[in-house]
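Let's see this in three dimensions:
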Amino acid sequence: MRYLMIFIRLLFLPVWLLAKLIYPDCRKSEPLITYAWFTSKKDYDAVVHPDANKAGDVLSYDEWKMQTLDDIALYHRTGLNYIKVRIRPNTYHQWRKMAGLPNTVNTRELYISNVCDQVMEDGIEPTKLPALTLIMEKPET
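Numbers count the residues shown, from 1 in each chain. As a prediction, the model looks like this:
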C-alpha cells in the first residue's frame, strides 16, 4: 500500500508542478475581516442595548469606537483586507425578528456574515458617489 501511494504521488507530481507554475498564489489568499460599524452613539445604543453594559459584557460606544479604530490601524499596518458593515438599527432588528433570534453578540456576528455573503453574491452598489483618488501629476513649468 505504501509503495502504491508513492507511485501515485510520483505519477501526479508533474501535474502538481505545472499547477504551481500557472497558479503560484492559489492558496495564499488573505482572510477577509468583517466587523460592525456604527455611525453614531444613537445607532450603537439602539442595537447594543445600554442595559447590557450593566453586566460588563459590552463596551460603551466610546470604548467600542476606540478599539475599532485601533483594529483598523492594525489592519492597515499588516495589509489585511477588511470590510466595515454599517448596522442600521431598523434593518438589523427587522432581520433579527424575522429570523427569531435574540439581540446578542452572536446574532450581530451572524447578521454581519449574512450581509457580507449577500454583498459577495450580488456585488456592491454605491449609495453615494465615491471619492476620486487619482494621483494628479504636477504640471511642468
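
mind listing the strands for the chain?
Listed from the start of the chain, the chain has strands (DSSP state E) covering 32-37, 81-86.

For the first one, name the packing helices and strands.
By that I understand strand 32-37. helix 61-78, strand 81-86, helix 105-122 (3 or more CB pairs under 8 Å, 6 or more residues apart in numbering; DSSP states H and E). The way it works is simple: take the backbone N, C-alpha and C, and place the C-beta from them, glycine included.

Name the residues of stretch 88-102 that come out as buried.
Neighbour-count burial for stretch 88-102, with 16 or more other CB atoms under 10 Å as criterion, is recorded at 92, 96.

average pLDDT across it?
Rounded to a whole number, the mean pLDDT of stretch 88-102 is 91.

contacting residues around that stretch?
For stretch 88-102, contacts defined as CB atoms under 8 Å, 6 or more residues apart in numbering pick out 43, 46, 47, 103, 107, 108, 110, 111, 114.

Dump those to JSON lines, plus distance to residue 33 and neighbour count.
As requested, these are exported to JSON lines (distance: CB to CB, whole Å; neighbours: other CB atoms under 10 Å):
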{"residue": "43", "distance to residue 33": "21", "neighbour count": "18"}
{"residue": "46", "distance to residue 33": "24", "neighbour count": "17"}
{"residue": "47", "distance to residue 33": "20", "neighbour count": "18"}
{"residue": "103", "distance to residue 33": "23", "neighbour count": "14"}
{"residue": "107", "distance to residue 33": "19", "neighbour count": "15"}
{"residue": "108", "distance to residue 33": "15", "neighbour count": "19"}
{"residue": "110", "distance to residue 33": "16", "neighbour count": "15"}
{"residue": "111", "distance to residue 33": "16", "neighbour count": "20"}
{"residue": "114", "distance to residue 33": "16", "neighbour count": "13"}
